[in-house]
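Student: here you go, sequence then predicted model.
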Amino acid sequence: MSLLIPGRIADLVLFLIFCGTILVLTLQASGGKKFELKRKLAALDAMPEAIGRAVEMGRPVHYTPGGNPLYGVRGTHIQMGLVISGYVARLCARLGSKLIISVATAEQIPLAEEIYRGAYIAEKVPLAQPDVRFYGKGDPPFGAGCIETIYKERVAVNMIIGGSGSDFPIIAEGAFRAGAFQIGGNANVFMIPLVVASCEYTLIGEELFAAGAMLSEDPSQLAGIVANDLSKLFIIAMILLGVVLMTAGNSTVLQLLKI
């Protein structure tokens, strides 16, 4: 029995190339090399203006990384949501807006509070107590808790950025009916249509991780995003090369992919 399955050797080679790229760039980042992501993300650019609008209206900003656990299938999405919440907290501290962060699991409470405090300390703004609210597990109860907060506090801006599941449409619909300006972010393919349909600005797919890496400035995360971009460029180059050769009657690339 062969260890290499016929027709899958090309997949293995590409897998090793991509993994090798990520490993090399991560090691370079660990060695002190700095990577920069020069991306314009409209959702991040819109946040200062949205929070400024909340300040003018005298109403708070609501932020949630989603109703999923930190250690689960969407754990990395929740982590990116918490990273971005630090940027939102700094903007709120700088502009003078009240911020409410809603979380779904107990382990997220100390993380959210520490991020909240750190943002206010960085902006040199006094803070008595971080406003972090816990509603418990489960998409329906978590969504209901967020909606109650949105209506009760008369939230002007609602941000749902992270690892939301079926809680997303519940919260987004409630915030829309309350007249809140919305910014959403999600990397789940099945949630992207809902995010685009319900929010004025969005972070979809890999943009969520790119935003988290850019804001955290973590070298390993930045290296991973750069490696991903290089892998995509390689695939695009292979597709273009294959199209040109096939047009010229040469099926070399096609035959290599069938190995």
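Tutor: Looks like it arrived, so ask away. Numbering: from 1, shown residues only.

Student: tell me where the stretch 51-200 of the chain has helices.
Tutor: Here the stretch 51-200 of the chain has its helices, by DSSP state H, counting those that start in this stretch, at 75-95, 108-122, 139-152, 167-177, 192-198.

Student: for the third one, name the packing helices and strands.
Tutor: This means helix 139-152. For helix 139-152, the packing partners by 3 or more CB pairs under 8 Å, 6 or more residues apart in numbering; DSSP states H and E come out as strand 61-64, strand 99-103, helix 167-177. In short, each C-beta sits where N, CA and C put it, glycine included.

Student: how many residues are close by Met80?
Tutor: As a burial measure, Met80 scores 27 neighbours (other CB atoms under 10 Å).

Student: that one reaches Phe209, doesn't it?
Tutor: Yes. In this structure Met80 lies within contact range of Phe209 using CB atoms under 8 Å: 5.8 Å.

Student: overlap in contacts, the two.
Tutor: Residues touching both Met80 and Phe209 (CB atoms under 8 Å, 6 or more residues apart in numbering) are Ala187.

Student: which ones are touching the residue most central in space within the chain?
Tutor: Centre of the chain computed as the mean C-alpha position; nearest residue by CA atoms, centre = their mean is Leu208, 2.4 Å away. Listed by CB under 8 Å, 6+ apart, the contact partners of Leu208 are His77, Met80, Gly81, Ile161, Gly162, Gly185, Asn186, Ala187.

Student: any weak-confidence spans in the stretch 1-150 of the chain?
Tutor: Counting by pLDDT under 70, the stretch 1-150 of the chain contains low-confidence ranges at 1-7.

Student: which residues does Ala227 contact?
Tutor: Phe18, Thr21, Ile22, Leu25, Thr26.

Student: now do the SS call for it.
Tutor: helix (DSSP: H, G, I helix; E, B strand; the rest coil).

Student: show me what the nearest residue to Ile160 once chain neighbours are set aside is bridged to.
Tutor: Distance criterion CB to CB, 6 or more residues apart in numbering; nearest residue to Ile160, sequence neighbours excluded, is Gly184 at 5.0 Å. Gly184 forms beta bridges with Ile160, Thr202, as assigned by DSSP bridges.

Student: could you give the number of residues near Gly184?
Tutor: Gly184, neighbours per other CB under 10 Å, totals 28.
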